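Participant: how would this look folded up:
(3 chains)
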Amino acid sequence: MKKFLALILAAVMLLSLVPAMADSPVEITMLLEGNNVTDDAAVLEKLNAYLTEKIGVTLKPTWGTWGNFDQLAQDAVNTGSDEYDILFTCSWTANEYASYAKKGAYVRLDDPADNLLADYGAELKTVLPELLFEGAMTEGPDGEKGIYAVPGFKDFATMNTWDINVTLLEKYGYTLDDVKNAGFYGWGDIFAKVKAGEEADGKVFYPFIFEGAVAERFVDGTPIVTGDANSLLSYYMNTEDVSVPGAYGNVIFNKYATPEFEKFARQMREYYLAGYIDPAIAIGETATDAWRNAQNTANYLISSEVSLYGYEYTTSEARGIQVAYLMTTDAPYIDNTSVQGAMMAISANSAHPVEAMKFLNLLNTDPYVMTLLNYGVEGIHYTLNAEGEVEFNADARATYSPWTNGLGNVTLLPPQKGQGADFQKRFAEFYAGSKKLPIYGFTFDSKPVETEIAAVTNIKEAYALSLFTGAVDVDTALPELLSKLENAGMQKIVDEANRQLKAFLGE
Amino acid sequence: MTVIPKKSIPFRLNMVSRRTEALFHLILGLFALACIIPFIFVIIISFSSEDSIRQIGYSFVPNAWSLAAYNQVFNLGDALWRSYFNSFLITIVGTLASVTMCVLYAYPLYRKDYKYRGFFSFLSFFTMIFGGGLIPTYIVCKNLLGMSNNYAALIVPMLVSPFNIIIMRTFFQTSVPFDLIEAATIDGSGEYTTLTRIILPIVKPGIATVALLTALAYWNEWFLCLLYVTKRELYPLQYLLMEMQRNAEFLARNSSMIGASGASAIQALPSQTMRMAVVVFIVLPIACAYPFFQRYVVAGLTIGSVKG
Amino acid sequence: MTVKGNVSRPGIQLRSRSGSKTFWLTTMMLPATVWLLLIRYLPMFGIVMSFLDYKLPTRKVPFPMNLLQSPWVGLKNFQFLFTGESLTMIRNTIGYNALWIVLGLLISVTFAIMMSELSRKFLAKTYQTMMFFPYFLSWVVVSYFLFAFLDPTNGMIVRAQKAASATAVDWYNTPGYWPYILTICSIWKNTGYSTVLYLSAITGIDRSQYEAAAVDGATKWQQTLHVTLPHLKPMIIILLIMNVGKIFNADFGLFWSVPMNSAPLYPVTQVVDTYVYRAYTSTGNVGMSTAAGFLQNLVGFICIMAANGIVRKLDADSSLF
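Facilitator: Presented below is the predicted three-dimensional model:
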């Protein structure tokens, strides 16, 4: 009898567990950026089986592309939609991290009242470097600083480099050191000699083809001031040692009003008039195509690149020449742009913030999930070779190409073919040597001067690219630009930025 | 009803002099040529090799010809045919529904004896000038009316065009004499019967015109897809093209922020030549459909049907 | 088909017939009316966003409650449209539109009349088909076409100029030429569309009217003046009024893509839509972009009402309403 009762009791206990186990997994939706994915069925099948077992969650990603992400993200945020639990965000998408965290679009992950990070994301703190969390601190709607998204662990320092076509350089008897020692203001002779030589057979050759929008930053050593989406402000780094303040100290300037800028613009104009610069990089719509084309066809001497570790191997092979990257600073520098380059935020309208946090925790710490989501299913999308490197199956990869940098913790991924088995280790070592800027962590809040910025942007747009590429006469254009900026309230913007910076540093 | 024979009339009855007509042909011909040439240019680019574009840019005479662009388009495989199907479905259903609603709305507006004519005129016209803006419309369509990731989202938001209603009303006004209505009413015909049996045949050019404009609008539309649809199976062809275009533009604008990892993304984008090939795919069907509409639109048969 | 009542008792039949007529005609209006109310009128509450500092909806304060919580800022969102620089964009927008309305009207009507007078109908149809092609090409594609001619390095015109005289015009940096270039592009793209409308209207004209005029001794030119144009009048006036209503709107693609977004050309290519776009992408302020749209609507409304009022005074039948 006792045995029989015990059996009944056990059965009842088991039965009471069944409803709990039969709880259907929670579906988490995610909006991602920069992908080219047309068939994710195989991946999701495996992934969801794993996720259900581990954390009771299934994932339904929306593979946003470069062209539609901004619209989808903005619409979701502005209409308070709960369509996406997790949103990609960063410093350059329409749902820009700092400003939308301030507007209350994202859940505060380290909210003292409901600390999702501590409760469900504890492993993140051990795996991701502390400086990433520092960079993710931003002001929320209540004015308190907090973490409003999980930062993506990728290359977290900025490498501003001159992309040098070493093969062509050496053809005319120069070395990389010659370029380095001459510096931007001394390249004239090298350009002249190479241009004359390459044009001997009649076709046109432009030795200096670069991305106009970054030229001034490279030459003057002015990083992007986070929050200044329109290149209005300059902060001068100490390019010999980026971790200490430069000659001006921690002050922000009107980018176009400084003597450095004028010097830069005049030199650029000289190069343009001498025919060293392709006019197409001065025209808004053709600028990037012209620049990338020149690089891809190795039809340049000096170009520009915001680079990353090991990139010269990829480009040298792809272009069929020897490419070298000359850094403009002594070390890669850590600023908000690079740290906030790829983040995952939980939408304030999400119905499942806890499950979302659990998923993000798993994504950024579990190599299996990371590899599955980024590279696909082993055997279908790729195979592992003897060194443990990933070799992609071209056809399958064409249907499944997510943008890896925007999808979590890339250091968990196996190396790709040619990178070498210890690639992740070298990667980590390289970036360990990068330095924080003195203004690291500062974000300019443009809301107090919104109207001025809207007006000033239109003015600046009319001159900036031309001045950056030397396409317009400096004596006429620069004074015009400066006076128009003055009249539109530029000084107010600069003053506000400096006020905020002082307050930030005073802490 | 007089019929003008197809061959030119032996003696020129009430026509412009041959010299004037030649001048007309010259002007119209040149302009028509100017309209076609850019499209021929598009076709040439689509058959140019990618290297030629990189070396000498867009040109009427590329360095080398290549079928690579079309190979790439056909490699899209099912996605291509699926979007063709979507484009056709949306255009045909949308045009039929829209033209019907347009004619039904415009007819009473034309009827001077309709009591609420002024009110409804203003009702539709006002929306031509004022709108709630993108976000409120988006919310109403998506959340309230459930138009998300379905064909309704690609058809319904464009169903009624006050512009077309006004055009249709104008056609009614200029082609249909009011005595016809009175005659029909006296004969005891109901409103719908009058409309379908008597009026519609007269305004065929008008209907064909509005149908043409509506069909073109649906065929070219891509923004609705961007807003409301993320399922690739529903993408119309015009959106596929726009997606390629927008991807390229975004990467171009933000390349320094995205850095080197974006460079490889640019490499993977469909080439300029492929985009031109897709343009050819998009224009061809509608260019072929155009003569079908034309039969009703261009002066060819005299219509004069009301005598006395 | 039932006959409602008989003719010998007009009073009652007319009332019941007019009642049922109104009823049946009103049923015809139903589908479109429902659509208009739901998809056009319902969202109009959003206009209020122009006057608010828009706060995002959240789980606790969903849409539309967040509108109530967004502070009222009056006309602040409109300020960025009236800075010193914006005068240029206002001048450009209205100037180009006014010019193109008149030019477009003249050209389209002329072409329509020309085509209707051709004896070879096949050619007329061919011209018309060809004229429609520009409508299919997006402005981006047109910009590539133009670039093939004006590219500073490889453009066909540039190369010809260099061959002839060693210096070529720096097209994408010289504003002076662009009003002409943009006008040509606009006419090129839109003529086919308007010509179709006018041609269809001409189709509906009874041929016997021409014959009667010819018999009276009228020349072709006089026939055009006295038969064709009067019949086209309603269509011309309607289109004119509607175009006037869009006088503060601009075709974004034309002013952005065709000049290749080249900065030195802004003084002649900046229009309200590009201005708002550039401002919006820098601030992300929903209230500002809504305010701009609202202002465009308001200006259009005033212009249409004025134009319609003038027309009504002159010829009540031709007015919009």
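
Participant: please count neighbours and contacts with C-alpha atoms only from this point.
Facilitator: Will do.

Participant: residue 100: which element?
Facilitator: No chain in the question, so chain A it is. Taking DSSP states H and E as the definition, one finds A:Tyr100 inside helix A:97-103.

Participant: ah, I was thinking of chain C
Facilitator: Applying DSSP H and E, one finds C:Trp100 within helix C:86-116.

Participant: list the buried residues for that helix?
Facilitator: If you call a residue buried by 16 or more other CA atoms under 10 Å in any protein chain shown, then helix C:86-116 has these buried ones: C:86, C:88-94, C:96-98, C:100-101, C:104-105, C:108-109, C:111-116.

Participant: next one: the most centrally placed residue in chain C, what pLDDT does it get?
Facilitator: Centroid check for chain C by CA atoms, centre = their mean gives C:Asn243 as the closest residue, at 4.9 Å. Note on C:Asn243: pLDDT of 89.

Participant: do I have it right that it meets C:Ile101?
Facilitator: Yes. Between C:Asn243 and C:Ile101 there is a contact at 6.8 Å, judged by CA atoms under 8 Å.

Participant: which positions in stretch B:254-264 come out as buried?
Facilitator: B:Asn254, B:Ser255, B:Ser256, B:Met257, B:Ile258, B:Gly259, B:Ala260, B:Ser261, B:Gly262, B:Ala263.

Participant: what's the closest of these to chain C?
Facilitator: Lowest distance from chain C to these (CA to the nearest CA) belongs to B:Asn254, with 12.5 Å.

Participant: in terms of helices and strands, where is that closest one?
Facilitator: Per DSSP H and E, B:Asn254 falls inside helix B:237-258.

Participant: which outside residues touch that helix?
Facilitator: Outside helix B:237-258, the residues within contact range by CA atoms under 8 Å, 6 or more residues apart in numbering or on different chains are A:65-68, A:92, A:211, A:213-214, A:287-289, A:305-306, A:337, A:341, B:80, B:83-84, B:86-87, B:219-223, B:225-226, B:262-263, B:266, B:269-270, B:275, B:278-279, B:282.

Participant: tell me the helix or strand right after it.
Facilitator: helix B:260-268.

Participant: can you spell out which helices and strands pack onto the next helix or strand after the helix holding C:Trp100?
Facilitator: Following helix C:86-116 in sequence order, the next helix or strand is helix C:121-131 (DSSP H and E). Secondary-structure packing of helix C:121-131 (3 or more CA pairs under 8 Å, 6 or more residues apart in numbering or on different chains; DSSP states H and E): helix B:18-46, helix B:272-297, helix C:178-203.

Participant: closest one to chain A among the ones you listed?
Facilitator: Among the helices and strands packed on helix C:121-131, helix B:272-297 sits nearest to chain A (CA to the nearest CA), with 10.3 Å.

Participant: starting at the chain centroid, how far to the closest one?
Facilitator: In terms of CA atoms, centre = their mean, to the nearest Å, the centre of helix B:272-297 is found 10 Å from the chain centre.

Participant: over to stretch C:232-247?
Facilitator: In terms of CA atoms, centre = their mean, the centre of stretch C:232-247 is found 9 Å from the chain centre.

Participant: so which bits of that stretch are buried?
Facilitator: Those buried within stretch C:232-247 under the rule 16+ other CA under 10 Å are C:232, C:234-247.

Participant: before we move on, what about stretch A:51-65?
Facilitator: A:Leu51, A:Thr52, A:Gly56, A:Val57, A:Thr58, A:Leu59, A:Lys60, A:Pro61, A:Thr62, A:Trp63, A:Gly64, A:Thr65.

Participant: now do stretch C:290-306
Facilitator: The neighbour-count check on stretch C:290-306 (16+ other CA under 10 Å) flags C:290-301, C:303-305 as buried.

Participant: then stretch A:194-204?
Facilitator: Within stretch A:194-204, the residues that count as buried by 16+ other CA under 10 Å are A:Val194, A:Lys195, A:Glu198.

Participant: near chain A, which residues of chain C are found?
Facilitator: Residues of chain C lying near chain A by CA under 8 Å from any CA of the partner chain: C:55-59, C:62-63, C:77, C:79-80, C:83-85, C:151-153, C:172, C:257, C:260-266, C:275, C:278-284.

Participant: got a ChimeraX select line for the buried ones in these?
Facilitator: Applying 16+ other CA under 10 Å to the residues of chain C next to chain A, the buried members can be selected in ChimeraX as follows:
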select /C:55,56,57,58,63,77,80,83,85,151,152,153,172,257,260,261,262,263,264,265,266,275,278,279,280,282,283,284
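
Participant: restricted to helices, list the residues of chain C next to chain A.
Facilitator: Under the assignment DSSP state H, these contribute C:Tyr266, C:Tyr275, C:Arg278, C:Ala279, C:Tyr280, C:Thr281, C:Ser282, C:Thr283 to helices.

Participant: would you convert these into TSV that also reports pLDDT?
Facilitator: Below are those laid out as TSV (pLDDT from 0 to 100):
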residue	pLDDT
C:Tyr266	89
C:Tyr275	87
C:Arg278	82
C:Ala279	79
C:Tyr280	77
C:Thr281	71
C:Ser282	68
C:Thr283	73
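
Participant: give me the low-pLDDT residue ranges for the stretch 201-321 of chain C?
Facilitator: C:282, C:318, C:320-321 (pLDDT under 70).

Participant: and the helices in it, which stretches?
Facilitator: With helices called from DSSP state H, counting those that start in this stretch, the stretch 201-321 of chain C shows them at C:207-215, C:220-223, C:229-245, C:252-256, C:266-269, C:272-283, C:286-314.

Participant: nearest to B:Leu195, of those helices?
Facilitator: B:Leu195 lies closest, by CA to CA, to one member of the helices of the stretch 201-321 of chain C: helix C:229-245, at 21.9 Å.

Participant: chain center to the closest one, what's the gap?
Facilitator: Chain-centre distance of helix C:229-245: 12 Å, with CA atoms, centre = their mean.

Participant: tell me if that helix is near chain B.
Facilitator: Yes. Counting by CA under 8 Å from any CA, chain B is contacted by helix C:229-245 at C:His231, C:Pro234, C:Met235, C:Ile238, C:Gly245.

Participant: between the residues you listed, which is nearest A:Leu117?
Facilitator: Checking the residues of helix C:229-245 next to chain B against A:Leu117 by CA to CA gives C:Gly245 as the nearest, at 54.8 Å.

Participant: which residue is the nearest non-sequential neighbour of that closest one?
Facilitator: C:Gly300 (4.2 Å; CA to CA, 6 or more residues apart in numbering or on different chains).
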